[in-house]
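# Provide a 3D model corresponding to the input given below.
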Amino acid sequence: MDIKEDEEENLWSRKIFDFSGIADRLDLVADNTCSWLEISLILTSGIGFMMFSLILIYIVYRLSTKG
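Numbering: from 1, shown residues only. Alright, predicted model coming up:
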C-alpha cells in the first residue's frame, strides 16, 4: 500500500511541475518536495525579468517620443 501511495505522490508532483519543465531543468524536485526558498527564487527571478522588460520598454518609448 505504501508503494502505491508513493507512486501517486510522485505522479502528482510531476503533474504540478510538468507544464513548464522548470523542476527538471533546475533539479528542484528532490524526494517529491520543493522548498519555499526554491519557489521564491523562481518567482522573484520571473518578477525581476518582468520589471527589466517593462523598464526597457519604457526607455524605448521615451526615446521614440522624444524626437
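
# from the contact counts, what lies against the helix or strand containing Ile59?
Assignment of secondary structure by DSSP states H and E places Ile59 within helix 36-66. Judged by 3 or more CB pairs under 8 Å, 6 or more residues apart in numbering; DSSP states H and E, the packing partners of helix 36-66 are helix 22-26. Heads up, the C-betas are built off the backbone N, CA and C, glycines and all.

# give the rounded mean pLDDT of the helix holding Ile59.
Taken as a whole, helix 36-66 has a mean pLDDT of 87.

# can you point out the buried residues in it?
Glu38 (16 or more other CB atoms under 10 Å).

# renumber starting at 17 from here on
Got it, the first residue is 17 from now on, which makes the last one we talked about helix 52-82.

# what residue spans form the domains of this structure?
As given by automatic domain parsing, the domain ranges for the chain are 17-50, 51-83.
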